[in-house]
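S.K.: output the structure for:
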Amino acid sequence: MASVYEHEDIVTFLKQVFEERKKTNYSYSLRSFARAIGMSASHLLRVMNRTKKISLNMAAKIAQQLHLSWSETNYLLLLAKLNSADSENEIAEITGKIQDLRSESNTTTVDQIGRAHV
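M.R.: So this is what the prediction gives:
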């Protein structure tokens, strides 16, 4: 599955997960994906078209349905917050937290690779 850390936007993450699933199952539909992440198809379509935002509760539900780790869930929640941010200060604060989590995930990945090759 797509790494959530590769994304700076929750919508692009969801689109990539959907496309990956569609590649493995040609008949996989947006309706199927919506059901898999606990959302109505019409709501998901509005999210994908950027006419509707994802609430923090919905982002948490999506993270759970996608079996994201604790850190990945926090990252996804920050992406949802960023998507709804109103002020420049809020955007800057959330962006900083996103960068921190992203760098932590890179450190963990490097550590895991190092241990695997020792």
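S.K.: contacts for stretch 61-81?
M.R.: Contacts to stretch 61-81, defined as C-beta atoms under 8 Å, 6 or more residues apart in numbering, come from residues 1, 4-5, 7-10, 13-14, 17, 36-39, 53-56, 58-60, 94, 97-98, 101-102, 104-105, 108. C-betas here are computed from N, CA, C, even on glycine.
S.K.: buried sites along that stretch?
M.R.: 62-63, 66, 68, 72-81 (16 or more other C-beta atoms under 10 Å).
S.K.: what's the spacing between S27 and S87?
M.R.: 44 Å (C-beta to C-beta, to the nearest Å).
S.K.: same question, D9
M.R.: As judged by C-beta to C-beta, D9 and S87 stand 18 Å apart.
S.K.: cool, H7 as well?
M.R.: For H7, the distance to S87 - C-beta to C-beta - is 22 Å.
S.K.: for R35, same thing?
M.R.: Using C-beta to C-beta, R35 is found at 35 Å from S87.
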